[in-house]
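Participant: Quick one, what's the 3D model for this:
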Amino acid sequence: MRAPFSNGGGSWLKRAACGLAVGAALLTTAPLNALACTQVWVPNQYTANGDRYVGRSEDYASRHVKIFGIQEPQKNTHYTSDESGFDWTSDKTSYRYTYVRDHPSDWSDRHDAYSEAGINEHGVSCSATLTTNYNEGIKAVDPSTETGIGEYSYAGVILGESKTAREGVELLGRLIDEQGANGRDQITISDTNETWLFCALSGLLFGPLTGGLASGFGSMLFDFTNPLYIAESWITFITKFFIGFLAGLIAHRSGNISLGRDVLGASVGSVTYVALYLLKSFIMKFYIEGQALGAVQTQLVTKGVTSLINAVLAVVVSVLLAKAVRPALRKAGILSE
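Facilitator: Just a heads-up that it's a prediction; the model follows:
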């Protein structure tokens, strides 16, 4: 009896199968027109080694030739753009950083174009050039400018000038305040310490039920991006629902929205989430995984401290964003007066 895929009659089937496999692989590498850049952020609590991962795909039209390199420090770097009138000069020596840039042939032989991703000597990383969009209501309130900073310059400026992720955020905000933004983009700035949570914002804006559902469903969808977490997605929905629900319940009580109610609502929602998260972690680690009580307690202390820091940041940022975004949403007809 001849074995399958051996010499003889079965060999053509083997060659055909190999040919189809190679053909399929080549098709997946062929440049195709698309508009579907995707950005990914995986926080450290969801990785086996405790590291966090940030990145993006570039699926815009035919693929550009990319160059990986290292940008050495420069004194008083003059940043300009080939796609807008952005023009800014630093008042210090820049930091050394790695980059992934477009080939100069795409940008009039300029070698500074689109430093899309990299990390600098202080551990600040940036993943930029994810284009987003907005509706006409928001566009009327906050339009793009022809002189603003844009995708061409984001990563180069942030990596070259920022010692921490927070510095990068503050610098980018200041430049946008001064010159505007040339587009509608999503940027990830990270270092070894910074993690941001914004779930409380939906409750402050939309009230308890809508805010809770937005917070719960939005966070639950993240679990569906990884098969390992799909089974826990219902837990994510419940814990994140309570952030938005409690924040909205307190902030919108009696229909009187105020700064004090926003702070109290965001605080109660965030602390409740921390408690639920630690309870879930204890049940999973001690009862389901069978880890020793001492080891579990040590993990909970670490998670508790980190989560409380995140909660404080969430309260501050969500309250400020709620105050800033409410007028625009009301003008666009998304929120009632």
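Participant: mind saving the C-alpha coords of the helix or strand encompassing residue 209 as CSV?
Facilitator: Per DSSP states H and E: residue 209 is located in helix 208-223. The C-alpha trace of helix 208-223 is given here as CSV (Å, rounded to 0.1, in the frame of the first residue of the first chain):
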residue,chain,number,x,y,z
PRO,A,208,-26.1,56.2,34.3
LEU,A,209,-27.7,53.8,31.9
THR,A,210,-26.3,55.0,28.6
GLY,A,211,-22.9,55.8,30.1
GLY,A,212,-22.7,52.4,31.9
LEU,A,213,-23.6,50.5,28.7
ALA,A,214,-21.1,52.5,26.7
SER,A,215,-18.4,51.8,29.2
GLY,A,216,-19.3,48.2,29.6
PHE,A,217,-19.7,47.3,25.9
GLY,A,218,-16.7,49.4,24.8
SER,A,219,-14.4,47.6,27.2
MET,A,220,-15.9,44.2,26.6
LEU,A,221,-15.2,44.5,22.8
PHE,A,222,-11.5,44.7,23.6
ASP,A,223,-11.7,41.2,25.1
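Participant: Next, the buried residues of that helix.
Facilitator: Residues 208, 211-220, 222-223 are the ones in helix 208-223 that count as buried (16 or more other CB atoms under 10 Å). C-beta coordinates here come from the backbone N, C-alpha and C atoms, glycine included.
Participant: helices and strands around the helix or strand hosting residue 54, which ones?
Facilitator: Secondary structure assigned from DSSP H and E places residue 54 in strand 53-57. Strand 53-57 sits against strand 38-42, strand 125-131, strand 185-190, with contacts defined as 3 or more CB pairs under 8 Å, 6 or more residues apart in numbering; DSSP states H and E.
Participant: Just give me how far the shortest one sits from the chain centre.
Facilitator: What that stands for is strand 38-42. Its chain's C-alpha centre and that of strand 38-42 lie 6 Å apart, by CA atoms, centre = their mean, to the nearest Å.
Participant: That one pairs with which strands, and in what direction?
Facilitator: strand 53-57 (antiparallel) (DSSP bridges).
Participant: Could you tell me how far residue 219 is located from residue 100?
Facilitator: 30 Å (CB to CB, to the nearest Å).
Participant: next one: residue 209
Facilitator: 44 Å.
Participant: hmm, back to that, could you save the buried residues of helix 208-223 as TSV and add columns showing distance to residue 158 and pLDDT?
Facilitator: Below are the buried residues of helix 208-223 laid out as TSV (distance: CB to CB, whole Å; pLDDT from 0 to 100):
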residue	distance to residue 158	pLDDT
208	37	79
211	31	79
212	34	81
213	34	84
214	29	79
215	29	81
216	32	82
217	31	82
218	26	77
219	27	79
220	31	83
222	25	72
223	30	74
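Participant: Quick one: the helices in the stretch 151-300 of the chain, in order.
Facilitator: In the stretch 151-300 of the chain, the helices defined using DSSP state H, counting those that start in this stretch lie at 154-161, 165-179, 200-206, 208-223, 233-251, 259-282, 293-331.
Participant: so what does the second one touch, helix or strand wise?
Facilitator: Helices and strands touching helix 165-179, by 3+ CB pairs under 8 Å, 6+ apart, are strand 87-89, helix 154-161, strand 185-190.
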